[in-house]
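Trainee: Generate coordinates for the sequence data below:
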Amino acid sequence: MRLSVMGKTVVLTGTVPGMQRKDAEAKLVGLGAKVTGSVSRQTDFVFAMPDAGGKKTAAAKLGVITLGETELFALIGKPGDAARTPKAKITAEAKEKVKARAPKASAGLRGQTVVITGTLSEGRDAIAAKLEAKGVTVVGSVSANTQYLIAGAGVGASKLSKATALGVKIIDEATMTKLLAKS
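Mentor: Below you'll find the predicted structure:
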């Protein structure tokens with residue numbers, strides 16, 4: 001089973017090797033996490049880097065799952081994969097188009113346009129075939145016509161940044177499976 005931070009509260013502590021903390025946090029948010037600055041009973045995961053201190057200790061006392069840089073980078077990509085600014089400027093018109101076409105989770109995925117990025121439990125071709133069999137359109141790049149970005153481990157920085165800029169809904173594989181069952 002792959003780690004998912006969708007809908008989870010996470011804390012990042014210590015120096016993220018080769019990456020600015022704000023970039024790592026933005027990628028976690030892009031995967032559906034709520035990133036906070038302190039550990040509490042509501043915290044689901046703490047990503048503790050090698051030089052972590054008090055927050056790692058607090059997580060241990062509270063019984064919060066503590067993960068390291070390996071798990072963090074498996075989710076957000078390795079340093080150097082920093083989010084890039086989309087090549088084409090995102091217009092207000094494109095953002096409005098995405099907003100107007102926003103999917104309703106209760107409707108499932110049938111008739112929606114999705115983009116797959118990152119590593120999932122199966123190859124992209126197999127996942128795309130399952131989606132297409134349920135009436136989902138799978139395309140290779142994020143645009144104003146995209147309703148969902150399905151993000152796996154090592155999510156593509158370019159697709160993630162464009163989806164975030166446009167306001168496209170970003171989901172993980174588990175959410176995709178639930179929505180596919182409704183289709």
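Trainee: secondary structure class for Pro79?
Mentor: Counting by DSSP: H, G, I helix; E, B strand; the rest coil, the backbone at Pro79 sits in coil.
Trainee: these two touch, right, Thr117 and Leu149?
Mentor: Yes - taking contacts as CB atoms under 8 Å, Thr117 lies within contact range of Leu149: 6.4 Å. All C-beta spots, glycine's among them, are computed from the backbone N, C-alpha and C.
Trainee: Give the residues shared as contacts by those two.
Mentor: Common contacts of Thr117 and Leu149 (CB atoms under 8 Å, 6 or more residues apart in numbering): 159-160.
Trainee: check contacts around Ala33.
Mentor: Contacts of Ala33 (CB under 8 Å, 6+ apart): 5-10.
Trainee: measure Val35 to Gly152 for me?
Mentor: 19 Å (CB to CB, to the nearest Å).
Trainee: Neighbour count for these two, which is higher?
Mentor: The neighbour comparison of Val35 against Gly152 (other CB atoms under 10 Å) goes to Gly152, with 23 against 19.
Trainee: And that one, how far from Thr91?
Mentor: Taking CB to CB as the criterion, Gly152 is separated from Thr91 by 29 Å.
Trainee: and the residue lying farthest from the centre of the chain, what helix or strand is that in?
Mentor: For the chain, the residue at maximal distance from the C-alpha centroid (CA atoms, centre = their mean) is Lys61, at 28.2 Å. Assigned by DSSP states H and E, Lys61 belongs to helix 54-62.
Trainee: Just to be sure, Val11 is in a helix?
Mentor: No - if the criterion is three-state DSSP, then Val11 is strand and not within a helix.
Trainee: per-residue confidence for it?
Mentor: pLDDT for Val11: 95.
Trainee: Looks like Ile170 contacts Gly30 (just checking).
Mentor: Yes - using CB under 8 Å, Ile170 is in contact with Gly30, at 5.8 Å.
Trainee: Point out where this structure drops to low pLDDT.
Mentor: 1-2, 80-89, 104-106, 154-157 (pLDDT under 70).
Trainee: the helices in it, which residues?
Mentor: 21-30, 54-62, 69-76, 92-100, 124-133, 157-166, 173-182 (DSSP state H).
Trainee: list the contacts for Ile171?
Mentor: Ile171 neighbours (CB under 8 Å, 6+ apart): 6, 32, 148-151, 179.
Trainee: Out of those, which end up buried?
Mentor: Buried members of those, counted by 16 or more other CB atoms under 10 Å: 32, 148-151, 179.
Trainee: where does the residue nearest the centre of the chain fall, phi/psi-wise?
Mentor: Nearest to the mean C-alpha position of the chain, by CA atoms, centre = their mean, lies Leu31 at 1.8 Å. Main-chain dihedrals, Leu31, degrees, to the nearest 10: phi -90, psi 10.
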